[in-house]
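[1] got a predicted structure plus its sequence, pasted below:
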Amino acid sequence: MSLQTIKQKNFTTHINGTNLSFSGVREYERTKHVHRLHPYLGKFIPQLVEVFLKEFFKKGDYILDPFMGSGTTLIEANILGMNSAGIEISHFNCLIAEIKTRKYDLELSEKEVKDILIKTTKYSDWLNQGKIAPTYLDDQYKKLRTDSEYLNTWFSDKALQEILFYKKEIKNYKNQDLLRIILSRAARSARLITHFDLARPTKPIREKYYCIKHRRECQPIDEAMKFINRYSWDTLKRIKEFDNLRTETKIKVIQGDSRFIDFKNIKGYKGGKFDGIFTSPPYVGLIDYHDQHKYAYELFG
């Protein structure tokens, strides 16, 4: 569809009766299935993507998102039966998008997520003993260390131990990237931060504080285990939900700078030709995505 045709549509705040503010769409609807596998500041509302893709494209079309972010366009295109490719310069964003869009062996995924969860729970129980006296588990477990100044600063000792143990065990499983996303999401929540400022904390909180979210005094977060447990089950639920919605159309995640990608070398994508582009331009200088996900970069290098 040409730019002139789009202009002739003359839409401002509505398309086919849909209010583009989506003010009536509740939070759980905006974060349906895999869209909430990992927090990502400034991402598309999936309902917005759905409206535009339905209006300007059709099943079987090839859609390009040159500033992919966390992959919202790719997911919605797939559900609508459209092929898609996304380009993103951030390695971590590509990991998020890969995990959201991947086709899983659901039985194996559930088995592995549960298995590493059980192992980490046992390690957490060992930590809770306080190491007052030697136990029969002392030969199996030990305290773990990291040289990362960030990790040692932003996590309590117990939370960091649980995170490092889970990370150490990931290599023993096939679905390693899926486990990394669970751990990254848990690490984000387990930082020494206030309950009301997960997005842009400026310093770790180690003392009691007045919480404007709960309207009472709250304690700094002292563990990661409850988040690892919560997000393990939540992740399994979400990938199952998307598995029931997905189509067999192509999804391609490309890490790189979209200005220098040779589209002709994208295999299976009509010689690098696309039927259209749908994207959200980068917020230059507005959101520091590396800082947003620093816990993940420190964990996984």
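    Noted; the coordinates are in hand.

[2] buried residues in the strand or helix carrying E98, which are they?
    Under the criterion of DSSP states H and E, E98 resides in helix 91-101. Residues F92, N93, C94, L95, I96, A97, E98, I99, K100, T101 are the ones in helix 91-101 that count as buried (16 or more other CB atoms under 10 Å). Bear in mind the C-beta positions are built from the backbone N, C-alpha and C, glycine included.

[3] who's in contact with stretch 202-220?
    Contact partners of stretch 202-220, identified using CB atoms under 8 Å, 6 or more residues apart in numbering, comprise T153, W154, S156, R191, L192, I193, T194, H195, F196.

[4] next one: the helix holding E98 to chain centre, how far?
    7 Å (CA atoms, centre = their mean, to the nearest Å).

[5] helices and strands around that helix, which ones?
    helix 72-79, strand 83-88, helix 176-190, strand 251-255, helix 294-300 (3 or more CB pairs under 8 Å, 6 or more residues apart in numbering; DSSP states H and E).

[6] the second one vs helix 72-79, what angle?
    With axes from the mean of the first three to the mean of the last three CA atoms, to 10 degrees defining the directions, strand 83-88 sits at 170 degrees from helix 72-79.

[7] may I have the strands that pair with strand 83-88, each with its orientation?
    Strand 83-88 sits in its sheet next to strand 62-65 (parallel), strand 251-255 (parallel), going by DSSP bridges.

[8] pick the most deeply packed of the ones you listed.
    strand 62-65 (a mean of 26; mean count of other CB atoms under 10 Å).

[9] isn't R191 right next to S156, touching?
    No. Between R191 and S156 there is no contact under CB atoms under 8 Å: 9.3 Å.

[10] quick one: which of the two has more around it?
    R191 (23 against 18; other CB atoms under 10 Å).

[11] for the more buried one, which non-adjacent residue is spatially closest?
    W154 (4.8 Å; CB to CB, 6 or more residues apart in numbering).

[12] which residues do R191 and S156 both contact?
    Listed as contacting both R191 and S156 by CB under 8 Å, 6+ apart are I221.

[13] put together CSV for the helices and strands packed on helix 91-101, with mean pLDDT and distance to K114 on each row.
    Listed next are the helices and strands packed on helix 91-101 as CSV, based on pLDDT from 0 to 100; distance: least, CB to CB, whole Å:
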stretch, mean pLDDT, distance to K114
helix 72-79, 97, 25
strand 83-88, 95, 31
helix 176-190, 97, 11
strand 251-255, 95, 27
helix 294-300, 92, 22
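
[14] that older thread, can you report how many residues lie near the residue nearest to R191?
    W154, neighbours per other CB under 10 Å, totals 22.

[15] on that earlier part again, closest one to E112 out of the contacts of stretch 202-220, please.
    R191 (25.6 Å; CB to CB).

[16] how close does the closest one sit to I181?
    17 Å (CB to CB, to the nearest Å).

[17] returning to what we had before: quick check, nearest of the buried residues of helix 91-101 to G71?
    Among these, and counting by CB to CB, the member closest to G71 is A97, at 3.1 Å.

[18] and the nearest residue to the closest one once chain neighbours are set aside, what is it in contact with?
    In space, A97 comes closest to G71 once its chain neighbours are excluded; the distance is 3.1 Å by CB to CB, 6+ apart. With contact set as CB under 8 Å, 6+ apart, G71 has these partners: G86, N93, I96, A97, E98, K100, T101, V253.
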